[in-house]
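Engineer: Turn this into a structure:
(one chain, ligands or ions: 1)
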Amino acid sequence: MLEIQGLSKKYGKHLAVDQVNLSVPDGKIGILLGPNGAGKSTIIKSIAGLLRYQGMIKIQGNPAKTLEAKKQFAYVPEIPAMFDALTVREHIEYMRRAYDSTITDGEVEELLKRFELDDKQEKLGNELSKGMMQKVSICCALCVHPKVILLDEPMVGLDPKAIKELKEVILELKEQNVTVLISTHMLEMVEDIWDIMFVMEKSHIIGAYRKEDVGNKDLDDLFFELTGGEKE
Ligand SMILES: Nc1ncnc2c1ncn2[C@@H]1O[C@H](COP(=O)(O)OP(=O)(O)OP(=O)(O)O)[C@@H](O)[C@H]1O
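Structural biologist: Residues are numbered from 1 along each chain as shown. Purely as a prediction, here's the structure:
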């Protein structure tokens, strides 16, 4: 479970996030939507512990900055950060050891195969394309068996096979009762997997919908209803 209460963040005098409350229960897929500059990345970076902020963020009931929370949390950043001198496999092994992960060698092989990285295991971080880096970043997050996972624009730069695989993985995580939060502009990429949507505008969450309350209504209709924009 991910819980945010009264989150505010100022950059100098600019209030980028203003008293935001948001929570995603176990086994649910939350999506964070909103126009450029609304404050989504600021929320994501706050959850990931990359910013100082005011308010409360809890992961599985633990304050986000504690070790107990960090052990159960994984983050796929919008721009993957690789170690130039480590191979794909070494990135995975680094994460496994850092988190003392229970993932087995067989599960790692399976994961690399699903994201078509099995034949790239010996490539160095600085020899990878942007899409490959993104896939390594996703595999690193998955191999720690997180209870809460945060994905920032995860589909950008991925090929169709990887997008399909990632959506399947996300649905499998949900089955395993993992909490998922995805920040994205690409409504069509999440329309068939979301459970709760949060729409941001000008530093605030202006609305939230639960899938079970809206029936078959389109995600983009709901989004434009809240933001007052026109569907193209
Ligand atoms: N490091 C920073 N210093 C100063 N202002 C910042 C900084 N980062 C973001 N901002 C401002 O905070 C506001 C929210 O930015 P944020 O990046 O959170 O928006 P976003 O919803 O993620 O946008 P996008 O969809 O374009 O990624 C914007 O007005 C932005 O200019």
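Engineer: Domains in the chain, by residue range?
Structural biologist: 1-72+147-154+177-232, 77-145 (automatic domain parsing).
Engineer: quick one: the first one near the ligand?
Structural biologist: Meaning domain 1-72+147-154+177-232. Yes: residues of domain 1-72+147-154+177-232 are located near the ligand by Cβ under 6 Å from any ligand atom, namely Tyr11, His14, Ala16, Gly34, Asn36, Gly37, Ala38, Gly39, Lys40, Ser41, Thr42. C-betas here are computed from N, CA, C, even on glycine.
Engineer: Could you tell me which of those are located in strands?
Structural biologist: Tyr11, His14, Ala16 (DSSP state E).
Engineer: out of the residues you listed, which is most surrounded?
Structural biologist: When neighbours are counted by other Cβ atoms under 10 Å, Ala16 leads those with 21 neighbours.
Engineer: my guess is Cys139 meets Glu93, correct?
Structural biologist: No: applying Cβ atoms under 8 Å as the test, Cys139 and Glu93 come out as separate, 11.4 Å apart.
Engineer: on that earlier part again, for the ones in strands among the residues of domain 1-72+147-154+177-232 next to the ligand, which one is nearest Ser183?
Structural biologist: Distance to Ser183 across those (Cβ to Cβ) is lowest for Ala16, with 14.2 Å.
Engineer: And the strands in the protein, which stretches?
Structural biologist: Taking DSSP E as the criterion, the chain carries its strands at 2-11, 14-24, 29-33, 54-59, 62-63, 73-76, 148-152, 179-183, 196-201, 204-210.
Engineer: so who does the residue minimising distance to the centre of the chain touch?
Structural biologist: For the chain, the residue sitting closest to the mean C-alpha position, by Cα atoms, centre = their mean, is Leu151 at 1.4 Å. In this structure, Leu151 makes contact with Val76, Ile138, Ala141, Ile170, Val180, Leu181, Ile182, Ser183, judged by Cβ atoms under 8 Å, 6 or more residues apart in numbering.
Engineer: Show the buried residues in those.
Structural biologist: Under a neighbour-count criterion of 16 or more other Cβ atoms under 10 Å, the subset of the contacts of Leu151 counted as buried comprises Val76, Ile138, Ala141, Ile170, Val180, Leu181, Ile182, Ser183.
Engineer: re earlier: so for Leu166, which of the strands of the chain sits nearest?
Structural biologist: For the strands of the chain, distance to Leu166 was read as Cβ to Cβ. The smallest value, 8.3 Å, belongs to strand 148-152.
Engineer: Spatially nearest residue to Pro63, not counting backbone neighbours?
Structural biologist: Ala69 (6.3 Å; Cβ to Cβ, 6 or more residues apart in numbering).
Engineer: who are the neighbours in contact with the residue nearest to Lys10 when sequence neighbours are not counted?
Structural biologist: Nearest-residue entry for Lys10: Ala16, 6.9 Å, with adjacent residues in sequence omitted and distances by Cβ to Cβ, 6+ apart. Applying Cβ under 8 Å, 6+ apart to Ala16 gives the contacts Lys9, Lys10, Gly39, Thr42, Ser203.
Engineer: try 10 Å this time
Structural biologist: Neighbour list for Ala16: 8-10, 37-43, 46, 51, 53, 202-203 [criterion: Cβ atoms under 10 Å, 6 or more residues apart in numbering].
Engineer: what's the single longest helix in this protein?
Structural biologist: Ordering each helix of the chain by length in residues (DSSP state H) puts helix 160-175 first.
Engineer: same for it, what does it pack against?
Structural biologist: Applying 3 or more Cβ pairs under 10 Å, 6 or more residues apart in numbering; DSSP states H and E, we find helix 160-175 packed against strand 29-33, helix 105-114, helix 130-142, strand 148-152, strand 179-183, helix 187-190.
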